[in-house]
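> Requesting a structural model of the entry that follows:
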Amino acid sequence: MPPHPHCHWRGLQDWKTFGLDFSTSSDEACKMFDACLTQMVNRYDDESVGGTEGCMKNMFQADPNFLIGHALKLGATFQFVHKDYAHAQEVYKLAEMAKQPHVKPWEQKHAQAVVYLSEGKLDKASDVWEDILVENPMDMMSLKFLHDIYVVNGGSQGLRDSCARVLPYWKPDTPFYGDLLGMYAFGLEESNMYAKAEKTAKQALDINRYDAWAAHCVAHCKEMTGEYGEGIKFMEETEKNWNDNGLLCHNYWHWALYHFENGDFETCMSILDNHVLPFMKSKKTMFSVTDVASLCFRLEAEGFDMQSRWSECFDVAKDHIEDNIWSYYDLNTMMVCLGSKHKDEADRLVASIKATIKEGKGDNAQVYSEVTLPLMEALNAYDDGEYDTAVEILKPLKYHIWKNGGSHAQRDVFNIFAIHAAMKSKLPENQRYANHLLMERKSQKESTPLADRLLQKLVISH
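Residues are numbered from 1 along each chain as shown. Now for the predicted structure:
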């Protein structure tokens, strides 16, 4: 990937002029912080500076006690202290560092936010980062972490408003301005403001055509409005621009979704096998696991044998069964365990979710109790052929699914799950419910071949 438009790393005085005063005396630490943040925001590695890992190493060599650098590293790690002792040690060391008299108040707030995040208190962490932005609206680190949290907890208004509130303070020549537009565009899209979202995302792409997050936002808009042909064309035209980015797998996932919706299963499967699966096997990230899992679930529901792909997915997901950091991850892991016929591991996952609920640590506990665990029970029932039970569980959850986090497009797999469970039920009322869900889908999109073919199938089969 070519260098980001912002690649003249800012030293101590540059940051102070910009409005952010660091407690370090190291010019090099500040420059490497800028390089790290730029790569994290844009999800790529700039090899000219050693990538994100190399920059991080150089940053701490320049100043081992660079507080804001440690906050950046630990905030981006997104682990819970009650799950990882080594991480806990680093987090609470950061908290002690923040008590030193020379540390700036805004840096102390960052340290507190990271502590909250690491304790699973996402709402409290969000409050602190939002508070920082009131005094420091140019702080991209706060914006980045807020954006991540609002994706995790399904906070679509937070995605939109955290960017909207600070945008008037920014200028087109401000470093990260295009990135801010891309983030704002995604918040608009998740708030169902599709026309403004697409316009804003394309403004970001005009600034930097390699902005894969902005391209990803356009992909979302085309998906949610049912403009699949335009979506396919857009992905074809921009593919080379996001080819080396951390969103590579996810953007191919979006591309595959268009073909799935259109009923072009051969092309959908080709994208899965040639792009999404290889990325997952190479990077072994849980984010890529969710892309593979949700595609496999969709295709299997349409009658395709996905066994070998489920097994490849399980090989990556099996090491994360008891992580329990994000409901959306856990639900996709449940699909993987069931799809790959590892019922024992599915049971272990459910047990870990129940333990999290019982311990009551962090914001996850309530979401796991109200939504995640029942959804897992519905998936289990569906896998056992108990479709009536699955529908009975799913119905009251319909307007609470957003609490699992992720985007509208990601959570759509649960809508599809509910439709297929109701279609397979023998109860007339559940079949009528399937019909209503499909009619609802038709009302939301410009076109929906998926709903059309399933409505036809429903009529034929019943």
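
> So what would you say the end-to-end distance of stretch 364-372 is?
9 Å (C-alpha to C-alpha, to the nearest Å).

> Give me the buried positions along it.
Neighbour-count burial for stretch 364-372, counted by 16 or more other C-beta atoms under 10 Å, picks out 364-365, 367-369, 371-372. In short, each C-beta sits where N, CA and C put it, glycine included.

> contact partners of that stretch?
120, 153, 324-327, 330-331, 353, 356-357, 359, 397, 400-401, 403-404 (C-beta atoms under 8 Å, 6 or more residues apart in numbering).

> Now the buried members of these.
For the contacts of stretch 364-372, a neighbour count by 16+ other C-beta under 10 Å gives the buried set as 120, 153, 324-327, 330-331, 353, 356-357, 397, 401, 403-404.

> Just the ones of the residues you listed in strands?
When the buried ones among the contacts of stretch 364-372 are checked against strands (DSSP state E), there are no matches.

> Of those residues, which pair is most distant in space?
Greatest spacing in the buried ones among the contacts of stretch 364-372, by C-beta to C-beta: Gly120 and Leu397 (22.3 Å).

> Make CSV out of the buried residues of stretch 364-372 and add pLDDT and distance to Ala219.
As requested, those are exported to CSV (pLDDT from 0 to 100; distance: C-beta to C-beta, whole Å):
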residue, pLDDT, distance to Ala219
Asn364, 92, 28
Ala365, 95, 33
Val367, 97, 27
Tyr368, 97, 30
Ser369, 97, 33
Val371, 98, 26
Thr372, 98, 27
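
> So which of these is the closest to Lys104?
Asn364 (31.4 Å).

> What distance do you get for that closest one to Ala86?
Relative to Ala86, Asn364 is positioned 21 Å away (C-beta to C-beta, to the nearest Å).

> Run the chain-centre distance for the helix or strand that contains Ser270.
Following DSSP states H and E, the helix or strand that holds Ser270 is helix 265-271. Offset of helix 265-271 from its chain centre (C-alpha atoms, centre = their mean, to the nearest Å): 23 Å.

> what comes up buried for stretch 104-124?
By 16+ other C-beta under 10 Å, the buried positions in stretch 104-124 come out as 106-122, 124.

> hmm, back to that, quick one: name whatever helix or strand follows the helix holding Ser270.
Counting by DSSP H and E, what follows helix 265-271 is helix 277-283.

> Any stretches of the stretch 351-462 of the chain with poor pLDDT?
For the stretch 351-462 of the chain, the stretches with pLDDT under 70 are 462.

> Can you report how many residues lie near Asn274?
10 (other C-beta atoms under 10 Å).

> got a list of what it touches?
Applying C-beta under 8 Å, 6+ apart to Asn274 gives no contacts.

> That one and Asp27, how far apart?
In this view, Asn274 and Asp27 are 46 Å apart by C-beta to C-beta.

> Then Pro449?
Applying C-beta to C-beta to Pro449 and Asp27 gives a distance of 57 Å.

> again with Leu277
In terms of C-beta to C-beta, Leu277 sits 44 Å off from Asp27.

> So for these two, which sits in the more crowded spot?
Shown here are Leu277 and Asp27; by other C-beta under 10 Å, Leu277 has more neighbours (22 against 17).

> mind checking pLDDT for that one?
At Leu277, the model reports a pLDDT of 98.

> Looks like it contacts Ser308 (just checking).
No: with contact defined as C-beta atoms under 8 Å, Leu277 does not count as touching Ser308 (9.9 Å).

> what's the helix or strand containing Asn415 in contact with?
Using DSSP H and E, Asn415 maps to helix 408-424. Among residues not part of helix 408-424, those counted as contacts by C-beta under 8 Å, 6+ apart are 154, 189-190, 220, 223-224, 254, 257, 290, 294, 297-298, 301, 328, 331, 375, 378-379, 382, 387, 390-391, 394-395, 398, 401-402, 404, 430-431, 433-434, 437-438, 441, 450, 454, 457-458, 461.

> ok, now how distant is Gln108 from Met138?
For Gln108, the distance to Met138 equals 18 Å [C-beta to C-beta].

> what about the residue nearest to Ser126 when sequence neighbours are not counted, neighbour count?
Using C-beta to C-beta, 6 or more residues apart in numbering and skipping the chain neighbours, the partner closest in space to Ser126 is Ile149 (5.2 Å). Residues lying near Ile149 (other C-beta under 10 Å) number 24.
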